[in-house]
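Colleague: Let me see the structure of the following:
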Amino acid sequence: QVQLVESGGGLVQAGGSLRLSCAASGSGFSIKTMGWYRQDPGKRRELVAAITSGGSTNYADSVKGRFTISIDNAFNTVYMQMHSLKPEDTAVYYCNALLLDYRSSPPSDYDYWGQGTQVTVSS
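Modeller: Sure thing, here's the model as predicted:
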């Protein structure tokens, strides 16, 4: 069973920094993409940043130049370094992983979500 374990959320003042981590545990899979989404109560979940196993990245316009996503394929872990945080970045951040599962026949893609980690930026 694959699990995504997130860490790194918390409370920070505006202008501060946080680093989120998400590790995919288990075996029998390879990573295709991993990323971070965020959601405010009453709003839709939105993509913040994503990265492929090859290192191609995609960012929401609102975080370009402030957030950096990276991946460590050896440890199946994705990181997101967040700088110059703003109150509008406050949300629950969810890790997402699209994995190729070799245990199924034929090998198939599966989408997984973490439990979410709260990021709160005070003004």
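
Colleague: Can you report how many residues lie near D72?
Modeller: Close neighbours of D72, defined as other C-beta atoms under 10 Å, add up to 11. Placement of C-beta: from N, CA and C, glycine included.

Colleague: and it, what does it touch?
Modeller: For D72, the residues meeting the contact criterion (C-beta atoms under 8 Å, 6 or more residues apart in numbering) are V78, Y79.

Colleague: Which of the three states applies to L20?
Modeller: For L20, the assignment made with DSSP: H, G, I helix; E, B strand; the rest coil gives strand.

Colleague: residue closest to the middle of the chain?
Modeller: Nearest to the mean C-alpha position of the chain, counting by C-alpha atoms, centre = their mean, stands W36 at 2.7 Å.

Colleague: what are the bridge partners for that residue, then?
Modeller: On the basis of DSSP bridges, W36 is bridged to A49, C95.

Colleague: And it, how far from P106?
Modeller: 29 Å (C-beta to C-beta, to the nearest Å).

Colleague: follow-up on the earlier one: which residues touch the residue nearest to the centre of the chain?
Modeller: By C-beta under 8 Å, 6+ apart, W36 lies in contact with 20, 22, 47-50, 69, 78, 80, 93-96.
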